[in-house]
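Undergrad: Structure for the following, please:
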Amino acid sequence: MTSDDLDIAIIHANELVTLDSKLGIPRKGDNMAKLAVISDGALGIKDGKISFVGKTTDFNSKYSLKSCQTIINAKNRLVAPGFVDPHTHIIFKGSRENELDMKLAGKSYLEILESGGGILKSVRETRNASLDELVENGKNILDRMLRYGTTTIETKTGYGLSVEDEIKSLNAIQSLNNKHPIDIISTFMGAHAIPPEFKNNPEEYVDLIITQMLPQVKKNNLADFCDVFCEKGIFSIDQTERILTAAKERGLKLQVHVDEIEDTDGAKLAAKLKVIQAGHLLKSNDEGLKAMAEVGVIATLLPGTPFCLMLKEYAPARKMIDMGIPIALATDLNPNCWTESMQIIIALACYMMKMSPAEALTAATLNSACAIDEHHRIGSLEVGKDADINVFSVPNHQFLAYQFGVNLISKVIKKGTIIIDTYS
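TA: Numbering: from 1, shown residues only. Coordinates of the predicted model:
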């Protein structure tokens with residue numbers, strides 16, 4: 001028996017979902033349903049890292065509970081990695097609840113945008129907001145995300161759409177990352193929409209992104225990724241390729257929004273550029289999806305978005321899994337699709353995209369960590385990784401989709417510290 005002290009010991013977990021990397025990083029195909037569950041599982045945490053993973057009997061033969069500062073008895077409970085939300089837009093001011101009535105009246109996303117609503121309404125309000133206001137709104141969102149078990153996110157700019165306001169948004173992300181327990185991966189998305197002042201000359205705005213925005217982003221080390229909304233009427237395939245190629249030349253990692261509303265061959269472009277993740281993909285053709293599978297692009301699916309847009313069509317998750325495309329899940333939190341809960345996203349993935357609860361949990365943890373290139377430290381429960389852990393008040397992973405619409409979190413542990421504790 002070792003004499004090492006532990007900061008936290010979790011014992012007797014009914015299901016300890018480890019998502020051991022031996023079964024693949026990222027998980028794809030049949031392996032997406034393999035959670036590497038340990039029954040009556042135990043975890044040891046020391047100095048913010050996971051130091052033991054195994055059976056409780058093995059833990060007891062190695063450690064004395066007397067040497068553990070905090071003991072969590074997880075009997076009849078599910079223990080899993082903290083959620084990773086790899087596609088969000090939390091830097092904005094204002095809200096768009098009035099658009100719900102427009103959607104109910106049959107207005108499409110593009111019709112709302114063309115009327116001056118949608119992204120453009122959020123742009124007007126975000127441009128008028130101070131840095132402190134953007135940080136405060138972001139903090140409130142992050143606080144709610146944490147309560148629902150999200151421990152790491154990616155978030156984007158894209159509601160500034162000017163040099164000054166995109167930099168302001170990136171500074172807000174940096175400030176939140178420095179202050180909040182949730183880790184934030186920063187994405188520059190000046191190419192989220194064509195701003196009104198460039199409506200008649202979108203090529204000039206593309207040039208502005210490439211010649212003025214990207215150099216400042218790189219010079220000040222403000223972002224990890226670059227993203228573009230590639231869609232008919234927004235940014236074309238050619239414009240998207242120009243922007244992402246310029247971003248790659250400046251050392252940024254790549255991701256892209258594609259084929260949400262129409263098939264623009266965006267999936268093919270994602271494969272051509274070998275982006276790390278491609279989001280939405282509702283309308284992608286089979287040729288593009290096969291190309292993504294061949295080069296290993298992660299499909300980040302966002303079922304909350306078609307749900308909020310009242311669409312009948314969701315991304316073809318089952319087809320993608322059969323093709324061998326690794327799938328991640330995300331909230332797509334933004335003023336149009338405002339949910340902080342990865343738990344409801346898991347439920348939507350199961351009920352609307354026919355993913356199994358095991359596949360959905362993989363997609364919300366390990367694969368989503370891969371989608372932001374952070375799988376080396378988060379996304380699974382393995383010795384040496386950050387101790388980002390959720391303890392749920394339910395006995396197994398099936399409950400995450402089965403008991404929906406409520407918060408099933410009991411405890412959230414971030415880097416070895418209990419941040420949320422709803423059950424003692």
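
Undergrad: Can you show me the strands along the stretch 201-350 of the chain?
TA: Under the criterion DSSP state E, counting those that start in this stretch, strands of the stretch 201-350 of the chain are mapped to 225-230, 253-258, 277-280, 298-301, 327-329.

Undergrad: can these go into TSV with extra columns for distance to residue 409?
TA: In this view, the C-beta of every residue, glycine as well, is placed from N, C-alpha and C. Output for the strands of the stretch 201-350 of the chain, formatted as TSV (distance: least, Cβ to Cβ, whole Å):
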stretch	distance to residue 409
strand 225-230	28
strand 253-258	28
strand 277-280	26
strand 298-301	23
strand 327-329	17
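
Undergrad: Please identify which of those strands is closest to residue 373.
TA: Closest of the strands of the stretch 201-350 of the chain to residue 373 is strand 253-258, at 6.2 Å (criterion: Cβ to Cβ).

Undergrad: Could you point out the helix or strand that follows the longest strand anywhere in the chain?
TA: As assigned by DSSP state E, the longest strand anywhere in the chain is strand 6-17. Next along the chain after strand 6-17, taking DSSP states H and E as the criterion, comes strand 37-46.

Undergrad: Show me which positions of that following strand end up buried.
TA: Of all the residues in strand 37-46, those buried under the rule 16 or more other Cβ atoms under 10 Å are 37-38, 40-46.

Undergrad: Likewise for stretch 94-108?
TA: 94, 96, 99, 102-103, 107.

Undergrad: now do stretch 174-186
TA: Within stretch 174-186, the residues that qualify as buried are 174-177, 180, 182-186, counting by 16+ other Cβ under 10 Å.

Undergrad: Distance to residue 258 and pLDDT added to these, as JSON lines?
TA: Compiled in JSON lines, the buried residues of stretch 174-186 are given as follows (distance: Cβ to Cβ, whole Å; pLDDT from 0 to 100):
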{"residue": "174", "distance to residue 258": "27", "pLDDT": "98"}
{"residue": "175", "distance to residue 258": "30", "pLDDT": "98"}
{"residue": "176", "distance to residue 258": "27", "pLDDT": "98"}
{"residue": "177", "distance to residue 258": "27", "pLDDT": "98"}
{"residue": "180", "distance to residue 258": "30", "pLDDT": "98"}
{"residue": "182", "distance to residue 258": "27", "pLDDT": "98"}
{"residue": "183", "distance to residue 258": "26", "pLDDT": "98"}
{"residue": "184", "distance to residue 258": "24", "pLDDT": "98"}
{"residue": "185", "distance to residue 258": "20", "pLDDT": "98"}
{"residue": "186", "distance to residue 258": "21", "pLDDT": "98"}
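
Undergrad: Can you list which of those are found in strands?
TA: Cross-referencing those against strands under DSSP E gives 183-186.

Undergrad: Same question for residue 4, what's its three-state structure.
TA: Following DSSP: H, G, I helix; E, B strand; the rest coil, residue 4 is assigned to coil.

Undergrad: circling back to that earlier point, Throw the strands of the stretch 201-350 of the chain into CSV and include mean pLDDT, thanks.
TA: Listed next are the strands of the stretch 201-350 of the chain as CSV, based on pLDDT from 0 to 100:
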stretch, mean pLDDT
strand 225-230, 98
strand 253-258, 98
strand 277-280, 98
strand 298-301, 98
strand 327-329, 98
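
Undergrad: follow-up on the earlier one: from the buried residues of strand 37-46, pick the one nearest residue 70.
TA: Residue 70 has its nearest neighbour among those in residue 45, at 8.6 Å by Cβ to Cβ.

Undergrad: gap between that closest one and residue 418?
TA: 10 Å (Cβ to Cβ, to the nearest Å).

Undergrad: what sits in contact with each of those two?
TA: residue 8 (Cβ atoms under 8 Å, 6 or more residues apart in numbering).

Undergrad: Which residue ranges make up the domains of the protein?
TA: Per the record, the chain has its domains at 6-81+381-421, 84-371, by automatic domain parsing.

Undergrad: still on that earlier bit, could you dump the buried residues of stretch 174-186 to TSV with distance to residue 284?
TA: Output for those, formatted as TSV (distance: Cβ to Cβ, whole Å):
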residue	distance to residue 284
174	33
175	36
176	32
177	32
180	34
182	30
183	30
184	28
185	24
186	26
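
Undergrad: now, the most widely separated pair of those?
TA: Going by Cβ to Cβ, the pair spanning those furthest: 175 and 185, at 14.8 Å.

Undergrad: Can you tell me the element the nearest residue to residue 102 once chain neighbours are set aside falls in?
TA: Setting aside the residues directly before and after it, residue 102 is nearest to residue 112 in space (Cβ to Cβ, 6 or more residues apart in numbering), at 5.6 Å. In the assignment (DSSP H and E), residue 112 maps to helix 109-114.

Undergrad: what's in contact with that helix?
TA: The contact list for helix 109-114, computed with Cβ under 8 Å, 6+ apart, reads 99, 102-103, 118-120, 193, 233, 261, 309, 336.

Undergrad: ranking these by neighbours, who comes first?
TA: Using other Cβ atoms under 10 Å as the neighbour test, those are led by residue 119, with 25 neighbours.

Undergrad: for the nearest residue to that one once chain neighbours are set aside, what are its contacts?
TA: In space, and not counting its chain neighbours, residue 119 is closest to residue 193: 4.4 Å by Cβ to Cβ, 6+ apart. The contact partners of residue 193, taken as Cβ under 8 Å, 6+ apart, are 113, 119-120, 123, 158, 161, 229, 234.

Undergrad: Could you do residue 168 as well?
TA: Going by Cβ under 8 Å, 6+ apart, residue 168 touches 131, 134, 160.

Undergrad: just the helices in the stretch 201-350 of the chain please.
TA: 202-208, 214-219, 237-249, 266-273, 286-295, 304-308, 317-323, 342-353 (DSSP state H, counting those that start in this stretch).

Undergrad: Check which helix or strand residue 100 maps to.
TA: Per DSSP H and E: helix 99-104 holds residue 100.

Undergrad: Other residues contacting that helix?
TA: 107, 112, 117-118, 308-310, 336.

Undergrad: Now the two most distant members of the residues you listed.
TA: Spatially, the most separated pair among these is 117 and 310, at 15.6 Å (Cβ to Cβ).

Undergrad: When these two are compared, which one has more neighbours?
TA: Neighbour count, other Cβ under 10 Å: between residue 117 and residue 310, residue 117 has more, with 18 against 11.

Undergrad: Quick one: classify the more buried one as helix, strand or coil.
TA: Under three-state DSSP, the three-state class of residue 117 is coil.

Undergrad: thinking it is in contact with residue 96, fair?
TA: Yes - in this structure, residue 117 is within contact of residue 96 by Cβ atoms under 8 Å, at 6.8 Å.
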